[in-house]
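Enquirer: predicted model and sequence follow; I will ask about them next.
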Amino acid sequence: MTTMTVKDRSIEVNEEGFLVNPDDWNEEIAQEIATREDVGELKEEHWKVIRFMRDDFQANGKVPTIRRMKKTGGVPVKDIYRLFPKGPAKKAAKIAGLSKPEGCV
C-alpha cells in the first residue's frame, strides 16, 4: 500500500489513490484529493454529491452509481459530469473517500 500525506497526517491509499479505510476521510482530505484530481476548489454543489455518496454508502454498503446519484440524490447527470470531469463516478468516489465504484475502469 501507499500513503498520502495531508497536513502531517499519513493516510493509506491503494495503487489508484483510493482511501483504504473510508473512516480516515475528512473534508480536508477531500479537498486535497480534489486538488490532485484537477477538480479544484470544492463548492457546495460538489459537497452535495460527496455527502450523498457517503451517506448512501453508509446506508447501503455500496458506492452509488451515477444513475443512483441522479435518481436518489437528485443531481442531474450533466451536473455530475461538469463537477467531476473525466470519470465523474470514479473521481467523486475517490474524493468522498470511498472505493472505486463497480463498473468503473
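Expert: That came in fine, so what should we check first? Numbers count the residues shown, from 1 in each chain.
Enquirer: for this protein, just list every one of the helices.
Expert: 27-36, 44-60, 66-71, 77-83, 88-95 (DSSP state H).
Enquirer: just checking, what packs against the longest one?
Expert: If I follow you right, that is helix 44-60. Packing contacts for helix 44-60, counted by 3 or more CB pairs under 8 Å, 6 or more residues apart in numbering; DSSP states H and E, involve helix 66-71, helix 77-83, helix 88-95. Just so you know, the C-beta spots here come from the backbone N, C-alpha and C atoms, and that holds for glycine as well.
Enquirer: same question, the third one
Expert: Packing partners of helix 66-71 (3+ CB pairs under 8 Å, 6+ apart): helix 44-60, helix 77-83, helix 88-95.
Enquirer: tell me the mean pLDDT for the longest one?
Expert: If I follow you right, that is helix 44-60. Mean per-residue pLDDT for helix 44-60: 95.
Enquirer: ok, and the closest non-adjacent residue to L98?
Expert: If the residues on either side of it in the chain are set aside, L98 comes closest to V63, at 4.8 Å by CB to CB, 6 or more residues apart in numbering.
Enquirer: one step back: so for R67, which of the helices and strands packed on helix 66-71 sits nearest?
Expert: helix 77-83 (8.2 Å; CB to CB).
Enquirer: name the residues that touch the closest one?
Expert: Applying CB atoms under 8 Å, 6 or more residues apart in numbering, the contact partners of helix 77-83 are V39, E45, H46, V49, I66, M69, K70, P88, A89, A92.
Enquirer: next: stretch 28-45.
Expert: Residues contacting stretch 28-45 (CB under 8 Å, 6+ apart): 4, 6-7, 11, 17, 19, 46, 50, 79, 83-85, 91, 94-97.
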